[in-house]
Every structure is written in structure tokens, then in C-alpha cells.
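[1] this one's sequence-less:
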């Protein structure tokens, strides 16, 4: 998609998405053979439910139909939310990922770090690095300049904080005995 088309689409659609209480995260136009697909990704601090997605999809479709932003050819409009393993780019993405496990690609060959975001401010992140082999988790501060990429990780077996605290207390009692 040309930058000019991307900019035109963003200028056209962003006010409409914002009026629905959502953020326009991404716009992509893909060609599959003769068919084109316009993918629009939206989100908010509280997430977006199916009703909001349907409503914004109808509004975007109507706006696109009355404009020539997609040209004369046919296309399919797909509106959705970021995936489970979303790439974090904007400050608001980090705020929305508080309490989530994230994989960071550290700058200057520093490798990777997987940690839970505890707090976000203008300079960086307060993290909890999970303990390995029964060790306790450790706190770490990471400035935004300390990493190149950050991606949310899917957790299948995460215990909620109450269960985790109970397990930690049991482990401490066993160690004392």
C-alpha cells in the first residue's frame, strides 16, 4: 500500500474510529490475486467487544462507500483487534499490557528478556522477571531505550496473584521447617 493511500485512509477513518471510543492501531491493504482486503485494527484501554467491532465496521464501510479512498475495484473490509501476541509500539500499548508477560529484544545484542510489566511511566517500565527453578521473581527497571522490540506473550498456565501468593507462602513455610 502506498504511503499516500495509507495516509488518506488514516485521515478518513481515524476520526470515525475515535468517535466510537476506540484507537485506530493499524491499517493494511493486501492484494490476493484480483481481490483486495482492507484490514483495520482497533483497540481501547478496556478492549473492544464484538458489538463495538460490528458498529465501527458498519460505520467504516459506509464512510468508505461514500469516498474514493479504496478506488473503483472491489475489496473486503476486515475490522478486528490486535492479536494475543501483539507487538507493543506506542506508550498506550505498554499501559494496556500492565500485568502481562512480555518478551523484550534488548538493544545492542543484549539478548532477550521475558518479564511481566508492573508499571509504566514516561521513561520506561517496572518489571517482574520470573524466577527460574523455584527461585523468587526479581524486580527490574527497563528504559524504553533499553530495548528494540516488545511482544506480549500468551500464558496458558498463569495462576492469579492470590493463588501465587498462597503458593509462595507455602514454599516459605516449607523452607523454614
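    Nice, I can see it. Bear in mind that the values here come from a model prediction, so they are computed numbers and not experimental data. Numbers count the residues shown, from 1 in each chain.
[2] so how far is residue 93 from residue 86?
    According to C-beta to C-beta, to the nearest Å, residue 86 and residue 93 sit 7 Å apart. The C-beta positions use only the backbone N, C-alpha and C, and glycine is treated the same way.
[3] likewise residue 110?
    Counting by C-beta to C-beta, the gap from residue 110 to residue 93 is 21 Å.
[4] So between those two, which is more surrounded?
    For residue 110 against residue 93, the residue with the higher neighbour count under other C-beta atoms under 10 Å is residue 93, and the figures read 18 against 12.
[5] element containing the more buried one, please.
    With the criterion set as DSSP states H and E, the secondary-structure element containing residue 93 is helix 91-96.
[6] how near is residue 88 to residue 108?
    19 Å.
[7] swap in residue 95?
    For residue 95, the distance to residue 108 under the criterion C-beta to C-beta works out to 26 Å.
[8] and if you look at residue 154?
    Going from residue 154 to residue 108 by C-beta to C-beta gives 28 Å.
[9] What pLDDT is listed against residue 82?
    In this model, residue 82 is scored at 89, pLDDT.
[10] nope, residue 72 is what I was after
    According to the predicted model, the pLDDT of residue 72 comes to 79.
[11] what's the burial count for it?
    The number of residues near residue 72, taken as other C-beta under 10 Å, comes to 5.
[12] quick one, helices of this protein?
    Listed in chain order, the helices of the chain (DSSP state H) span 3-19, 50-65, 91-96, 161-176.
[13] Quick check: mean pLDDT of the longest one?
    Per-residue confidence for helix 3-19 averages out to 88 on the pLDDT scale.
[14] about what we covered before: more neighbours: which of residue 88 and residue 108?
    With other C-beta under 10 Å as the criterion, residue 88 and residue 108 differ in neighbour count, and residue 88 comes out ahead with 22 against 6.
[15] Quick check: nearest residue in space to residue 30, chain neighbours excluded?
    With C-beta to C-beta, 6 or more residues apart in numbering as the measure, residue 37 is the residue that lies nearest to residue 30, at 4.9 Å, once sequence neighbours are left out.
[16] Ignoring the adjacent residues along the chain, who's closest to residue 75?
    Leaving aside its sequence neighbours, residue 75 is closest to residue 36 (4.1 Å, by C-beta to C-beta, 6+ apart).
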